[in-house]
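In: need coordinates for the below:
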Amino acid sequence: MTEYSKYKSSIENEKNVTLDLFQATNPLSVKNIETNIALNEYSQTSPRKNYDRDLNSIIEVVRILNNMAPERMPIYNFNLEEINGERYYRPDGTLLLIREYDSDVIRDYYARADKDEAGNTVSRILEHEKISGRLRTKIEPITRNGSRINTSVTIFDLKVNNKYIIFQLSEGGVVNNISEFTGKGKSFQTLFRNIETLKPARYLEGKDTEENGFEMLDCIFDSQGHVARIKRFMNKKEVCIDYTPKTKNITVKNKE
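Out: Next comes the predicted model:
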């Protein structure tokens, strides 16, 4: 190798090292960094700036998810005795479902064998498009001890294969959280709302990547809806960012 080639190679290496260390201030955007040019584990505190790449990318996704769902949705009826429609029975004579016709939807209320703890006699409601027959929405009652959630609504995207959205509702049809699943459920985005203010409270994101395998992002908001903490989990690394009004505190750890 000529002296010029050696010099050029040295300059390129120095530039790469500088770039990688600079990107460490935005660790969520950093991919795998070679161990010989960057620290594997470190802690760093810096002043909180007006523009933050880690912060802004998450806020934009949260804004879209939050605008995707209304604050409230309809209150669904899971009592078969109050449903009017065509009745369909199993061969043994037990009730299978009650079918209700709406303007552009066929709504099927499937009967439970027994009442659940909340007294529901409907196991699920399926809404199909009247013309095409394609499944559009699935509504299910939820009865978990200590949970405020009482209804789960799954909306299937007919334009995009393997994509669906789940809204979970509490009393009065209030939308507590929104989840979007893609790629046969391998990737997801979930936003939890504060039950009292309806502002963002927590955001979770998971996806499969060729480089790092399954990656998980966990973002916590304060009572005012501002980002307080971000965590990113990868196969071999964990990144935690804690925000205060004036500082950004970063901790990067290796996993065993």
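In: show me the shaky parts of this protein.
Out: By pLDDT under 70, the weakly predicted segments of the chain are 1-40, 158-161, 184-185, 212, 256.
In: can you do 50?
Out: Along the chain, the model assigns pLDDT under 50 to residues 1, 3-25, 30-38.
In: distance from stretch 54-66 to the middle of the chain?
Out: With C-alpha atoms, centre = their mean, to the nearest Å as the basis, stretch 54-66 stands 12 Å off its chain's centre.
In: helices or strands up against whatever helix or strand residue 232 lives in?
Out: Applying DSSP states H and E as the criterion places residue 232 in strand 227-233. When contacts are defined as 3 or more C-beta pairs under 8 Å, 6 or more residues apart in numbering; DSSP states H and E, strand 227-233 sits against helix 53-68, strand 213-221, strand 237-243. Bear in mind the C-beta positions are built from the backbone N, C-alpha and C, glycine included.
In: following element in sequence after the last one, please.
Out: What it means is strand 237-243. Next along the chain from strand 237-243, counting by DSSP H and E, comes strand 247-254.
In: on that earlier part again, ranking the helices and strands packed on strand 227-233 by burial, who's on top?
Out: Of these, the one with the most neighbours on average (mean count of other C-beta atoms under 10 Å) is strand 237-243, at a mean of 18.
In: tabulate the helices and strands packed on strand 227-233 (TSV), appending distance to residue 206.
Out: Shown next, in TSV, are these (distance: least, C-beta to C-beta, whole Å):
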stretch	distance to residue 206
helix 53-68	13
strand 213-221	5
strand 237-243	15
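In: for the stretch 51-200 of the chain, what spans make up the strands?
Out: Remark: strands assigned in the stretch 51-200 of the chain by DSSP state E, counting those that start in this stretch are 86-89, 95-101, 105-111, 122-129, 135-141, 151-156, 164-169, 175-182, 187-193, 200-209.
In: closest one to residue 42 among those strands?
Out: strand 200-209 (22.7 Å; C-beta to C-beta).
In: direction included, what does the closest one pair up with?
Out: If you go by DSSP bridges, strand 200-209 pairs up with strand 187-193 (antiparallel), strand 213-221 (antiparallel).
In: so how far is the longest one from its chain's centroid?
Out: Its chain's C-alpha centre lies 9 Å from the corresponding centre of strand 213-221 when counted by C-alpha atoms, centre = their mean.
In: okay, that strand in CSV with CA atoms only?
Out: Listed in CSV are the C-alpha atoms of strand 213-221, where the atom choice follows Å, rounded to 0.1, in the frame of the first residue of the first chain:
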residue,chain,number,x,y,z
GLY,A,213,-33.3,-9.8,15.7
PHE,A,214,-36.4,-8.7,17.7
GLU,A,215,-36.1,-5.1,19.0
MET,A,216,-38.4,-3.5,21.6
LEU,A,217,-38.9,0.1,22.4
ASP,A,218,-40.6,1.3,25.6
CYS,A,219,-41.4,5.0,26.1
ILE,A,220,-43.0,6.4,29.3
PHE,A,221,-44.7,9.8,29.4
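In: so that strand versus strand 227-233, what angle?
Out: Calculated by axes from the mean of the first three to the mean of the last three C-alpha atoms, to 10 degrees, strand 213-221 forms an angle of 170 degrees with strand 227-233.
In: strand 213-221 vs helix 53-68, what angle?
Out: For strand 213-221 against helix 53-68, the angle by the same axes, to 10 degrees is 80 degrees.
In: now do the shortest one
Out: Using the same axes, to 10 degrees, one finds that strand 187-193 and helix 53-68 are set 80 degrees apart in direction.
In: run through who's touching strand 187-193.
Out: Applying C-beta atoms under 8 Å, 6 or more residues apart in numbering, the contact partners of strand 187-193 are 61-62, 65-66, 175-182, 199-208.
In: that one: which residues count as buried?
Out: Buried residues in strand 187-193, defined by neighbour count with 16 or more other C-beta atoms under 10 Å: 187, 189-193.
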